[in-house]
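**Student:** Next input, structure requested:
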Amino acid sequence: MRSWKNIVLIVLLLTLAFSAGVQAKDTFVKASRNLVDTLDPQLMVASATMELSFNVFNSLLIFDPEDRDTLHPSLSTQVPSYDNGLIVDTEDGGVRIEFPVRQGVLFHNGSELRPEDIEYTIKRALLIGGQPASIRLLSSTLLDKGSFQVLVDEIGYDEAFEVLDQAVTVEGNSVIFHLPKPFVPFLGIMADGGASLAILNKEWCSEVGAWPGTKETGQEFMGLTIEETALHDKMMGTGPFKLASWEPGERIVLERFDEYWEGPATMSRVIRRIVEDTSTAIMLLQRGDVDWIDLDSPADLPRVEGSPGVKTITDIPTAWLMKMNFVFDITEEGNRNIGDGQIGPNGIPGDFFSDINVRKAFQYSFGYDVFINDVFLGSALKPYGPVLIGFPTANPDNPQYYYDPEKAEEHFKKAWNGEVWEKGFKMRIPYSAGSLQRQRALEILKDNIEALNPKFEIELFSLPWASYLAEITAKKLPISLLGMLPQVFDPYLPLFQHMHSSGSYARDCGYDDMAREKYDVLIDELGTNYDEERRMELSHQLQLYAYEDAHSIFHFQNVANIAIRDWVQGYIPLPQPFNVDFYQIYH
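**Tutor:** As a prediction, the model looks like this:
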């Protein structure tokens, strides 16, 4: 017979075991293949990294997760409109937009949000040359220039800073945006949840070495890189989670912010763990070491379906379009990817893809249907062009490229006055490590091109995510595989990002002169014109130009599949379903 002491001990042990089990479910572990390149939200370029800023920061407004046409207040107490008087047309043709700032909101260091923090955030983003597309859009909108640097080059720093200083002002408990002209997607851009337009604390930023907000110091911080920013390894916002630790290449840990203005999250801790490949992620999920993984391909579903303690969510629509981007002005110096820099058996010149026939030959060499059926088992969509399927004005009748080896050969024979076909070429193209879809897309392209001419050679290799992004930024890749993940469902955003001279792709891929001459005026009108019929005309014309000028191979629009532990509740797919709103997760 057990003594009462033994019974008490057993009860105590069972209680502790139960408590440990509950505690384990108080931590949410997400596996990700994507390394974190920086913690500065104004220099993030990867959507996968913006998942962190979305959970650590807030924005002024936020979209309704179930209705992307509806906006709700966040750090602003109201959604501005003409009806409530917070949007007013000015006599000079501009627009004044006022955001009343929510009071009592605390940053993670305990300081209270002020309108000056929002003013500082926007001005810093523009001054340092923020990288996300939304910041570039704000530059075009508020400064009427592609960047603050362009404005400085045109009128000098002193006058340019005056323009910047007047673009965003504070009146009482409101922050005021002064737009020189109407801009249709403006409110949507201000509703990204903190992904790019993360509201910073001015005083804290100054304390840790970021721009202190003064004109006198501004020039020191223009053109910041991720290596130079004082916020590279720091985050401090008003969001539901705060940064606990970052082990580059391994994991990042977020802790619940108990003073969050909407109430504390259920999860006390979130761990984003770097897992290099899908097979390892599946094994960790099945063992219960991670709670959430994304599946690179529907072909991975049978490997997790039916696993004890695991459930799947499949065929999730996304606002994620992937494309293979031709670089018109590849960096030549010290670049192994282009060999000797000459058309021939040992390389290509840096301007190889500036020839339209090279680009069209590559377009007709890609097996679109093979790729979608092979990698996605037919569940992904072939894009119409740069405007995503499901967006207003996406044109299903826009011409598209397709696999046609005869047409590919025809254009290769025309390329560079026949030199390409006669002499051949050799290039190296990397893909990001662990990404099946990037690897398979390039393998299909390589195989089809090399089958046309034995003098054509493409060497493929993998790079870690951070290195891959660095090579793209340095223009060392002949072809980059990146996409568009617009937060706002307006055709202006993907067209700006893909085709405007101030957008990321025209600049990074070297067709910004073409954009200035041909696209910018149309895209600018699309952004300021509220007439739906005219916006349709502009959008369709730009989609046609994208086809004719063949900047990129639009190879798929994704449909997502994820696998999670069965205790996980509250997951709400965002436009990029692989990014998780940790605040909604509970058990």
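**Student:** okay, now the domains of the chain?
**Tutor:** What automatic domain parsing lists as the domains of the chain is 27-33+238-316+560-584, 47-221, 318-559.
**Student:** Quick check: end-to-end length of the longest one?
**Tutor:** In other words, domain 318-559. Its first and final residues considered, domain 318-559 spans 6 Å by CA to CA, to the nearest Å.
**Student:** In the stretch 151-300 of the chain, mark out all the strands, start to finish.
**Tutor:** 168-171, 174-179, 241-247, 251-256, 269-274, 292-294 (DSSP state E, counting those that start in this stretch).
**Student:** Minimum distance to S435: which of these has it?
**Tutor:** The closest of the strands of the stretch 151-300 of the chain to S435 is strand 292-294. By CB to CB, the value is 11.1 Å. Backbone N, C-alpha and C define where each C-beta goes, glycine included.
**Student:** I'd like the distance from the closest one to the chain centre, please.
**Tutor:** Computed by CA atoms, centre = their mean, to the nearest Å, the chain-centroid distance of strand 292-294 equals 18 Å.
**Student:** any residues touching that strand, and which ones?
**Tutor:** Applying CB atoms under 8 Å, 6 or more residues apart in numbering, the external contacts of strand 292-294 come out as 28-31, 275, 278, 281-282, 284-285, 560-565, 568, 571, 577-578, 580.
**Student:** Show me what secondary structure element comes after the worst-scoring helix or strand of the chain on mean pLDDT.
**Tutor:** None of the helices or strands of the chain scores lower by mean pLDDT, DSSP states H and E than helix 4-24, at a mean of 42. Elements were assigned by DSSP states H and E; along the chain past helix 4-24, the next helix or strand is strand 27-32.
**Student:** Can you name every helix or strand that that following strand contacts?
**Tutor:** In this structure, strand 27-32 makes packing contacts with strand 269-274, helix 278-287, strand 292-294, judged by 3 or more CB pairs under 8 Å, 6 or more residues apart in numbering; DSSP states H and E.
**Student:** Check which residues of the longest one are buried.
**Tutor:** Which is helix 278-287. T278, A281, I282, L284, L285, Q286 (16 or more other CB atoms under 10 Å).
**Student:** Repeat that for stretch 77-86.
**Tutor:** For stretch 77-86, by 16+ other CB under 10 Å, it's Q78, V79, P80, L86.
**Student:** what do you get for stretch 28-39?
**Tutor:** Buried residues in stretch 28-39 (16+ other CB under 10 Å): F28, V29, K30, A31, S32, R33, N34, L35, V36, D37, T38, L39.
**Student:** mind exporting that stretch as CSV, just the C-alpha atoms?
**Tutor:** In CSV, the C-alpha atoms belonging to stretch 28-39 read as follows (Å, rounded to 0.1, in the frame of the first residue of the first chain):
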residue,chain,number,x,y,z
PHE,A,28,5.1,28.3,-31.4
VAL,A,29,8.0,27.1,-33.6
LYS,A,30,8.0,27.8,-37.3
ALA,A,31,10.4,26.3,-39.7
SER,A,32,11.7,28.6,-42.5
ARG,A,33,14.2,28.0,-45.3
ASN,A,34,14.8,31.7,-45.6
LEU,A,35,17.6,33.3,-43.6
VAL,A,36,17.1,36.7,-42.1
ASP,A,37,19.2,39.4,-43.9
THR,A,38,18.5,42.3,-41.6
LEU,A,39,16.1,43.4,-38.8
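**Student:** Figure out how far that stretch is from the centre of its chain.
**Tutor:** Remark: stretch 28-39 is offset 14 Å from the chain centroid, using CA atoms, centre = their mean.
**Student:** Likewise for stretch 144-154?
**Tutor:** For stretch 144-154, the distance to the chain centre is 23 Å (CA atoms, centre = their mean).
**Student:** same thing with stretch 210-221?
**Tutor:** Per CA atoms, centre = their mean, the centroid offset for stretch 210-221 relative to its chain is 27 Å.
**Student:** gap between the two ends of stretch 450-458?
**Tutor:** End to end - CA to CA - stretch 450-458 spans 8 Å.
**Student:** cool, and stretch 148-167?
**Tutor:** End-to-end distance for stretch 148-167, by CA to CA: 12 Å.
**Student:** Just the residues contacting that stretch, thanks.
**Tutor:** Residues from elsewhere that reach stretch 148-167, judged by CB under 8 Å, 6+ apart: 122-123, 126-127, 129, 139, 142-143, 145, 177-178, 215, 218-219, 222-223.
**Student:** List buried residues within the residues you listed.
**Tutor:** 122-123, 126-127, 129, 139, 142-143, 145, 177-178, 218, 222.
**Student:** can you list the weak-confidence ranges in this protein?
**Tutor:** Applying pLDDT under 70 to the chain flags the ranges 1-24.
**Student:** let's go with 50 and repeat that
**Tutor:** 1-23 (pLDDT under 50).
**Student:** circling back to that earlier point, tell me which of the helices and strands packed on strand 27-32 sits nearest to D520.
**Tutor:** Among the helices and strands packed on strand 27-32, strand 292-294 comes nearest to D520, with 35.8 Å by CB to CB.
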